[in-house]
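In: Sharing a sequence plus its predicted fold:
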Amino acid sequence: MHMVRNLLLISNSTLHGSGYLDHCEEQIRNFLGKPPKNVVFIPYARPGGISHDEYTAIAQKKFEQMGYQLTGIHTYNDFSSILESADAIFTGGGNTFVLLNELYNNNLIEPIQKAVFQGTHYIGTSAGSNIATPNIKTTNDMPIIYPPSFDALNLVGFNLNPHYIDSDPTSTHMGETREKRIQEFHCYNTTPVLGLREGAMLHIKDTTMTLLGSTGARLLQKDQEPREYKPGSDLSFLL
């Protein structure tokens with residue numbers, strides 16, 4: 001069966017010194033194409049505990065500046081029909097556990113999968129990118145709520161670690177580095193993990209995947225040395 005999917009998975013929504021989605025605006029425009037486009041926003045990750053309405057207003061303002069119409073999924077009763085009629089789904093960042101829990105509570109896992117594999121564009125930032133993978137076991141977030149499962153949307157066959165931070169040999173921080181934590185994950189799991197640095201993003205089109213942005217990514221696999229990839233790299237082999 002021919003794989004149909006079109007995803008833009010972004011490490012972070014804001015770069016230091018810039019506004020909301022400013023650093024990836026060009027990629028979002030290229031990804032969505034010319035307006036008008038109808039975007040459904042999933043605000044469930046609630047960064048800092050803000051309300052769904054407050055979060056939607058932030059995203060709405062930015063997308064309207066780009067010429068796109070954006071509405072919050074929480075304002076609809078019939079989730080399946082709104083997802084079927086949308087040109088794109090955008091899932092914002094925040095707490096990945098809270099986000100996934102709400103997707104399960106609202107029976108949205110299968111409707112989102114169905115929409116994406118029927119051609120609806122999917123954009124994720126941070127937590128919204130995490131849930132596009134098989135599971136959320138490599139998120140950086142605190143498990144402040146317990147979702148029914150750690151299994152996520154499984155739109156791609158590898159895990160992500162957004163906001164990936166490189167080890168700093170001069171740091172006095174005594175906790176585990178990000179790389180060590182992913183090594184711990186690989187004691188119990190075989191899924192490859194792509195560490196997406198701030199400013200990095202992935203464009204997945206059917207069976208091809210390209211690394212975009214300004215900072216690159218680090219691939220960590222079980223029993224293998226980490227590998228570095230620069231912006232522009234073809235990472236289709238991970239699909």
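Out: Arrived safely, thanks for sending. What you see is a predicted model, and the numbers here were worked out from it, not measured in a lab.
In: Can you classify residue 97 as helix, strand or coil?
Out: Recorded secondary structure, residue 97: helix (DSSP: H, G, I helix; E, B strand; the rest coil).
In: Quick check, it in contact with residue 140.
Out: No. The pair residue 97 / residue 140 is not scored as a contact, 11.1 Å apart, by C-beta atoms under 8 Å. Backbone N, C-alpha and C define where each C-beta goes, glycine included.
In: Let me see the ranges of the helices in the protein.
Out: Remark: helices assigned in the chain by DSSP state H are 25-32, 52-65, 79-85, 96-105, 109-117, 127-130, 178-188.
In: Between residue 97 and residue 140, tell me which one has more neighbours.
Out: residue 97 (21 against 15; other C-beta atoms under 10 Å).
In: And that one, how close does it get to residue 40?
Out: 22 Å (C-beta to C-beta, to the nearest Å).
In: pretty sure residue 167 contacts residue 182?
Out: No. Residue 167 is beyond contact range of residue 182, at 11.4 Å (criterion: C-beta under 8 Å).
In: In terms of neighbours, single out the busier of these two.
Out: Using other C-beta under 10 Å, the more surrounded residue of residue 167 and residue 182 is residue 182, with 25 against 11.
In: Listing request: residues of the protein with sub-threshold pLDDT.
Out: Applying pLDDT under 70 to the chain flags the ranges 1-2, 173-175.
In: got a list of what residue 99 touches?
Out: By C-beta atoms under 8 Å, 6 or more residues apart in numbering, the contact list for residue 99 reads 42, 44-45, 91, 127-128, 131.
In: can you do 6 Å?
Out: 44-45, 127 (C-beta atoms under 6 Å, 6 or more residues apart in numbering).
In: cool, and residue 161?
Out: Taking C-beta under 6 Å, 6+ apart, we find residue 161 in contact with 138, 193, 195.
In: how about 7 Å then?
Out: 138, 178, 182, 193, 195-196 (C-beta atoms under 7 Å, 6 or more residues apart in numbering).
In: Also residue 4?
Out: 117-119, 206.
In: Against residue 92, how distant is the residue nearest to residue 197 when sequence neighbours are not counted?
Out: The spatially closest residue to residue 197, leaving aside those adjacent along the chain, is residue 215, at 4.0 Å (C-beta to C-beta, 6 or more residues apart in numbering). Applying C-beta to C-beta, the value for residue 215 to residue 92 is 20 Å.
In: Between the two, which is the more surrounded one?
Out: Neighbour totals were compared for residue 215 and residue 92, and residue 92 leads with 25 against 16 (other C-beta under 10 Å).
In: what's the spacing between the more buried one and residue 8?
Out: In terms of C-beta to C-beta, residue 92 sits 13 Å off from residue 8.
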